[in-house]
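Colleague: sequence and predicted structure are below.
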Amino acid sequence: MVTTALMLGALVVAAGAYGLLYCVARLYGSLTLRVASRACCVALGVLAAAIVALTPLHYGWKALVVASAAGYLAIPPITWRYLTRLHQGENDASRPAEHAHRPRTRLYRRA
Amino acid sequence: MYRAQRLGLKYLAASTVIFGAMIVFGLLASIYYVRPGFLLNTFNFSTAKIVHINGLVIWLLMGFMGAIYWFLPQELEREVEGIGLAELLFWVFCAAVAVVIVVFIFVQYGAANEWSMWFINQGRKYVEAPRWAALGIAAVAAVFAYNVIATTVVAHKSTGILSVLIADLVPLVVLYLDAFPRMTNMSQDLFWWWWLVHLWVEATWEVLIGCIMAWTLIHLVGASRRVVESWLYVEVALVLGTGILGLGHHYFWIGTPRYWFAIGGFFSALEPLPLLGMVVHAVYDAGERHLQASNRPAFYWTLAEAFGNFIGAGVWGFMMTLPQINLYSHGTQWTASHGHLAFWGAYGCGVIAVLYLAIAQARGCERLDGTAWKWSFALLNTGMVGMGGALLVAGIDQAFYERAIGGSTWNAYLSMQGRPWFNESMWARLAFGLIFACGFAVLAYDLIAIPKQRDAGAREEATAAAGS
Amino acid sequence: MYTQDPYFWRAGAIATVLFMCVVLAALTIDTLRQITPGGARVPSYDVINSAVTYQYDASRGEYAPKVGGEELIFGHKYSADEATALIAKGKLVIQSRACIDCHTFFGNGAYYAPDLTRAWMDPVWARYAGPKRADRLARFMMNPLRLGSRPMPNLHIQRDEAEATVAYLKWMSAVDSNGFPDRFGAPGAQ
């Protein structure tokens, strides 16, 4: 029980580390960080496999863990791509007309 | 400055005071674990805990309200509708909180009658406040919702963030109705109680802090409104898409049907996924700006919010959410570990970010940096991680020896509390709690000391450069 | 591209939330029906007139409460209405003294004192049967003994309040909590 719980927690930690390293690697174009993020992917996969192979969970829950791990692997690149396109779209000269009426936000107004 | 912004600053100040009180009573509560019989029959553990957890709810609620009163007039470029009533109710709210705390401390409990429910203690976790105070809180919340909605209507315009906020405020206020009833059937009581607690902290509050963080990013780093609003919609879809039925992870053991194992376990296991997305977004935003911002403490506390939420709610939650694990971790210090880290990461860090942003703007500081905020950042986060870690060790020890082996009997519980790892963890928790308290002291000093002049950060750098 | 349109995500958020709320509403209606006292999961309040034990159920693979023959408390056989009133009073005692801020009920509450879900059948009291057990529990609440290193404070619980609370604990111990806590009172589980 304790081992299973710790492996589940470690799986999410590996996912978080992967997400962080993936993003920082993309920001700085660092090969070292990219390798480190891949290592976290491997760790994530190993932990998911270990949970499937070694824990007494029912196969339905194991399938959920594997699906979650797949989700954790997919989220950083998908989110990164989405954010990049969103910001690129924002940098375009033309803007959709329906946004034109939105008030510009002022930082602060003195009394 | 708009009147609403002045009110927002008052709410933020009050929330900081209550945060401090919460820490004091939290430290007190932790002493009982290492000194059994401490203040027995004078000031029991339950009283300290009640003030601690009710303080938690109030300081965060006041922080949210302060943030929204601060941002709302800027969003709509007009004064908030009904601001006079809101200003009055602020003082009523503060007075009510003070009276409730005084009664908790000096009266503590009453006889088993409706008078106790109405005027002393309702005895339901997080909502122990007597019914008269619950009515007051409901009134304050209703007026707050009116302020937001009426201002939007009168302004004849809205924004994506405001629309999400308004849609969120309605269930947030309605859910508080569970603070009133007294149900005999404990299964039914806990069923509805979890509607309030879970659908606040794992649903409506998540959306609320999402709106506040969206505004914070716009004001702090000039983030594009289209970007933050798009992201807010994604966040709402994912967080509520998993969190609404993730409510079921509280329905494993309270007498409710067994289908909640599958439903609650499944959706609850998915809850960390959007939190990873928030981490990616936070790193993206930070990297895009090369970790630079004019208000560095607000920026770093915003980052801490994303990471803290992921670790406290995501990692710790995933560890213990499957029913097979939860059968043993349920009702142990493991839960307390998760609760502390999750509340801190998901909400505490966010409110502190707004504190720095609002106070700096109010005092005309266009740039903010320094040393003190770094100390408070380090001390608070170290203290919280340390407390969470200590409670985790104690909780795992408890889950194994008290629940799995001992069968959760009274003897199993009592002998467990004397185990070395448990005791050492309780001492460690107290020590890290003191570190956390030191961090709060530095935070309070730093917030008070934010210079009433421009370019505070540039002036400090110039001084440092001249001295080197 | 449509994924760059905020309104696409807004529509998705609204649809997702509405769908989940509808499912939650349906499950709530069914759950409330199943946890009404007198059903299979939550016994009627007059279960306090019967013996309640906690045994391993092989067909379910978990521990479950078992209601047996007549076992009165406080020398009285309570009618359904009397039992309902007594247990309602017990809940009022539990709330007035904020028991949930030291103890846990079905594992919910504070972790400073033992879980009370099966307190009625705890081995500490199990050596006293029926009326004697109820009386010992009531007297403990009125004047808590120091059991182990964690003393319970004296909350000035009166005799009638204590009896109501004991009745509440007995009723609560008969609720089917899907095997929580596991192995409670099992031989060798110490």
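Modeller: Cool, the structure landed.

Colleague: CA atoms for contacts and neighbours, from now on please.
Modeller: Will do.

Colleague: ok, which stretches of chain C are strands?
Modeller: If DSSP state E is used as the criterion, the strands of chain C fall at C:50-57, C:62-70, C:104-105, C:108-109.

Colleague: and those strands: which comes nearest chain B?
Modeller: Across the strands of chain C, chain B has its closest neighbour in strand C:108-109 (5.9 Å, CA to the nearest CA).

Colleague: which other residues reach that closest one?
Modeller: B:Lys125, B:His330, B:Gly331, C:Ile100, C:Asp101, C:Cys102, C:His103 (CA atoms under 8 Å, 6 or more residues apart in numbering or on different chains).

Colleague: before we move on, back to that, for the strands of chain C, which one sits closest to C:Arg118?
Modeller: The closest approach between C:Arg118 and any of those, judged by CA to CA, belongs to strand C:50-57 at 8.2 Å.

Colleague: the closest one - contacts with which helices or strands?
Modeller: Using 3 or more CA pairs under 8 Å, 6 or more residues apart in numbering or on different chains; DSSP states H and E as the contact definition, the elements that strand C:50-57 packs against are strand C:62-70.

Colleague: re earlier: of the contacts of strand C:108-109, grab the buried ones for PyMOL.
Modeller: Buried members of the contacts of strand C:108-109, defined by 16 or more other CA atoms under 10 Å in any protein chain shown, are picked up in PyMOL with:
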select buried, (chain B and resi 125+330+331) or (chain C and resi 100+101+102+103)
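
Colleague: and B:Phe267, how far from B:Leu240?
Modeller: Using CA to CA, to the nearest Å, B:Phe267 is found at 10 Å from B:Leu240.

Colleague: if you count surrounding residues, which of the two has more?
Modeller: Regarding B:Phe267 and B:Leu240, a neighbour count based on other CA atoms under 10 Å in any protein chain shown identifies B:Leu240 as having more, with 27 against 20.

Colleague: confirm that one sits in a strand?
Modeller: No. When classified by DSSP: H, G, I helix; E, B strand; the rest coil, B:Leu240 is found to be helix rather than part of a strand.

Colleague: summarise which helices and strands the host helix or strand of B:Trp373 is packed against.
Modeller: Assessed by DSSP states H and E, B:Trp373 sits inside helix B:372-398. Packing contacts for helix B:372-398, counted by 3+ CA pairs under 8 Å, 6+ apart, involve helix B:296-309, helix B:323-329, helix B:333-343, helix B:420-449.

Colleague: mind checking how far the helix or strand just after it is from the chain centre?
Modeller: Taking DSSP H and E as the definition, the helix or strand that follows helix B:372-398 towards the C-terminus is helix B:410-417. Chain-centre distance of helix B:410-417: 31 Å, with CA atoms, centre = their mean, to the nearest Å.

Colleague: poorly predicted segments of chain A, please.
Modeller: Applying pLDDT under 70 to the predicted model, the residue ranges of chain A that meet it are A:90-111.

Colleague: closest residue of it to chain C?
Modeller: Closest point on chain A to chain C, by CA to the nearest CA, is A:Leu86, at 6.0 Å.

Colleague: give me the neighbour count for that residue.
Modeller: A count of neighbours around A:Leu86, defined by other CA under 10 Å, yields 21.

Colleague: go on, B:Leu276?
Modeller: Each residue near B:Leu276 was counted by other CA under 10 Å, and the total is 29.

Colleague: and if you look at B:Val283?
Modeller: B:Val283: 25 neighbours (other CA under 10 Å).

Colleague: for it, list the residues it contacts.
Modeller: Taking CA under 8 Å, 6+ apart, we find B:Val283 in contact with A:Leu20, A:Cys23, A:Val24, B:Leu303.

Colleague: which residue, neighbours along the chain excluded, lies closest to B:Leu303?
Modeller: Nearest-residue entry for B:Leu303: B:Ala282, 6.0 Å, with adjacent residues in sequence omitted and distances by CA to CA, 6 or more residues apart in numbering or on different chains.

Colleague: same question, B:Leu355
Modeller: B:Leu12 (6.5 Å).

Colleague: quick check, B:Ile244 in a helix?
Modeller: Yes. Assessed by three-state DSSP, B:Ile244 belongs to a helix.

Colleague: contacting residues around it?
Modeller: In this structure, B:Ile244 makes contact with B:Leu199, B:Ala203, C:Val17, C:Met20, C:Cys21, C:Leu24, judged by CA under 8 Å, 6+ apart.

Colleague: all set, thanks.
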